[in-house]
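**Q** below are the sequence and a predicted model; questions follow.
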Amino acid sequence: MKIKKAVFPVAGLGTRFLPATKAMPKEMLPVVDKPLIQYAVEEALASGIEQIIFVTGSGKTPLENHFDRQYELEDTLRKRDKTDLLKTIESIVPKSGTIIYTRQSEPLGLGHAIWCARDIVGDEPFAVLLADDLIQSETPVLYQMIKMFDRLRASMVATIEVPKEDTNRYGILSGEEDYDGIIRVTNMVEKPDPESAPSNIAAIGRYIFTPRIFDLLGDHKRGAGNEIQVTDAMVELLKEQPLFGFKFEGTRFDCGDKAGFQMANLAFALERPEIGPQLREYIKKIL
Ligand code: G1P
């Protein structure tokens, strides 16, 4: 079965970016000139996703507006002959009916946010993208994963290697490398201390799940941080079905972290022909 639906949990408060996120969703923070969430949505659409499912919370209206028409702005750009900008603005809006919003009314964790999409996804495999994890790659990472899913027909999560001292920031997995880039997961732990971490292989925010995950998330067991963790449901899942870790091609930036967010801005800005050279000069000067 084809992966057609992608879930975007976007209900988080973004406290790490206060005061910027006081009245603006953290997913709307721009990397260069594009909000984080737009990178994730574009990645999904470029990977063949046909339905975008946002799990939002209060204060997320700017996000909904971002993916909708803005007639006044479009009209002004048209009158000023700003054709390129107009095209950019218009191209953000996916076809009518392809975005669905649901709300996570209580902040019970990532696992709970994904579970909120159960009736919209239904009985088919689906993707989950966390906009905080921004990936610069030749081929969209979700596309790489969907290609692999076509071969494996099983749940999987994108992985990176992290420094040992950072294991307490991630879901950490252990397992056997089956073949190049594919790890057959045998266990997972959410945010373990470096001393007890089973490895330094971390899950990052790109997942493909079989719909069985919804039943397991529905148990509502609390885990690390007293939240309903998707990692715990994945541990239950791998008792019944295979689960794979996937080493992707690309560079991942942790945009949920101030330093990671600045690095992403720098990396993406340096690739822009209109500002890259100027920035490169400036960096040379200040270092
Ligand atoms: C979430 C997941 C964690 C994963 C991380 C990737 O944590 O719970 O397993 O490693 O995303 O970014 P969060 O960063 O939301 O605390």
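**A** In hand now; what should we look at? Residues are numbered from 1 along each chain as shown.

**Q** for stretch 123-133, what is the average pLDDT?
**A** When pLDDT is averaged along stretch 123-133, the result is 98.

**Q** who's in contact with the one residue in the chain that gets nearest to the ligand?
**A** Residue of the chain nearest the ligand, by CB to the nearest ligand atom: residue 171 (2.5 Å). C-beta: built from backbone N, CA, C; applies to glycine. Shown in contact with residue 171 (CB atoms under 8 Å, 6 or more residues apart in numbering): 157, 188, 189, 190, 191, 202, 203, 229, 230, 231, 234.

**Q** also residue 128?
**A** So residue 128 contacts 6, 7, 8, 9, 114, 205, 206, 207, 208, 209, 230 (CB under 8 Å, 6+ apart).

**Q** ok, 10 Å please
**A** 5-9, 53, 55, 110, 113-114, 117, 121, 142, 157, 205-209, 213, 230 (CB atoms under 10 Å, 6 or more residues apart in numbering).

**Q** residue 190 now?
**A** Contacts of residue 190 (CB under 10 Å, 6+ apart): 109-111, 168, 170-172, 203, 223-225, 227, 229-232, 234-235.

**Q** now, of the residues you listed, which are buried?
**A** Buried members of these, counted by 16 or more other CB atoms under 10 Å: 109-111, 170-172, 203, 223, 227, 229-232, 234-235.

**Q** the residues you listed in strands, which ones?
**A** 171, 172, 203 (DSSP state E).

**Q** so residue 203 bridges to which residues?
**A** In this entry, residue 203 is beta-bridged to residue 159, residue 171, by DSSP bridges.

**Q** that one contacts residue 170, correct?
**A** Yes. Taking contacts as CB atoms under 10 Å, residue 203 lies within contact range of residue 170: 6.2 Å.

**Q** got the phi and psi for residue 18?
**A** Backbone torsions of residue 18, given as degrees, to the nearest 10, read phi -70, psi 140.

**Q** tally of neighbours for it?
**A** For residue 18, the count of nearby residues is 10 (other CB atoms under 10 Å).

**Q** next one: the one 3 residues further on
**A** Other residues near residue 21 come to 18 when the count uses other CB under 10 Å.

**Q** which one is it nearest to, not counting chain neighbours?
**A** Sequence neighbours aside, residue 14 is the residue nearest to residue 21 in space, at 3.7 Å (criterion: CB to CB, 6 or more residues apart in numbering).

**Q** from residue 63, how far off is the one you found?
**A** Distance of residue 14 to residue 63, computed by CB to CB, to the nearest Å: 12 Å.

**Q** ditto for residue 80
**A** Separation of residue 80 from residue 63 (CB to CB): 27 Å.

**Q** which one of the two is surrounded by more residues?
**A** Taking other CB under 10 Å, residue 80 and residue 63 do not tie; residue 63 has more neighbours (23 against 10).

**Q** the more buried one belongs to a helix?
**A** Yes. Judged by DSSP: H, G, I helix; E, B strand; the rest coil, residue 63 forms part of a helix.

**Q** that one: what's it in contact with?
**A** Counting by CB under 10 Å, 6+ apart, residue 63 touches 8, 10, 24-28, 35, 37-38, 54, 56, 101, 131.

**Q** show me the strands in the stretch 101-250 of the chain, by range?
**A** Counting by DSSP state E, counting those that start in this stretch, one finds strands in the stretch 101-250 of the chain at the ranges 126-129, 133-136, 155-161, 171-179, 182-190, 201-209, 243-247.

**Q** number of residues surrounding residue 90?
**A** If you count neighbours by other CB under 10 Å, residue 90 ends up with 12.

**Q** equivalent analysis for the one 10 residues further on, please.
**A** By the criterion of other CB under 10 Å, residue 100 has 15 neighbours.

**Q** please report phi then psi for the closest residue to it other than its chain neighbours.
**A** Of all residues not flanking residue 100 in the chain, residue 53 sits nearest, at 5.1 Å (CB to CB, 6+ apart). When read as degrees, to the nearest 10, the backbone of residue 53 gives phi -120, psi 110.
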